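*Asks:* Attaching a predicted model along with its sequence, questions to come.
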Amino acid sequence: MKPAYWIAHVTVTDEEAYGRYAALATQAIAAHGGTFLARAGRYLQLEGTDRARNVLAQFPSLEAAEACYRSREYQEAMSHAKGAAERDLVIVEGA
């Protein structure tokens, strides 16, 4: 089974609400076998839209990553992110 990666690019507009999202999302991601490989560290924007927060999480499979996103727990977390950030999120299957 190939691992999969969440790649998120985020501009936070409400730190307090996004902090609630991050706490709940961390729990949901861990519950689905996800681990963070990069989370809001230093970065170089070489192309495209610059977003100050970049997150890379690894999951056991594409299916596990999608199940996490669609889970009740993660969607509850997302209720705090809506209106608190501009986000792009993609799930990519590893090689």
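*Replies:* Ah, there it is. Residues are numbered from 1 along each chain as shown.

*Asks:* those helices in this protein, which residues are they?
*Replies:* Assigned by DSSP state H, the chain shows helices spanning 15-31, 62-70, 72-81.

*Asks:* among the ones you listed, which is nearest Ala52?
*Replies:* helix 15-31 (11.6 Å; C-beta to C-beta). Every residue, glycine included, has its C-beta placed from N, CA and C.

*Asks:* May I see the buried residues of the closest one?
*Replies:* By neighbour count with 16 or more other C-beta atoms under 10 Å, helix 15-31 contains the buried residues Ala17, Tyr18, Tyr21, Ala22, Leu24, Ala25, Ala28, Ile29.

*Asks:* List the contacts of the closest residue to Leu62 other than its chain neighbours.
*Replies:* The shortest distance from Leu62 to any non-neighbouring residue, by C-beta to C-beta, 6 or more residues apart in numbering, is to Ala4 (4.1 Å). Applying C-beta atoms under 8 Å, 6 or more residues apart in numbering to Ala4 gives the contacts Gln58, Phe59, Pro60, Ser61, Leu62, Ala64, Ala65, Ile91, Val92, Glu93, Gly94.

*Asks:* Relative to Glu47, how far out is the residue lying closest to Thr35 once chain neighbours are set aside?
*Replies:* Closest residue to Thr35 apart from its sequence neighbours, by C-beta to C-beta, 6+ apart: Gln58 at 5.4 Å. Note on Gln58: its distance to Glu47, by C-beta to C-beta, to the nearest Å, is 23 Å.
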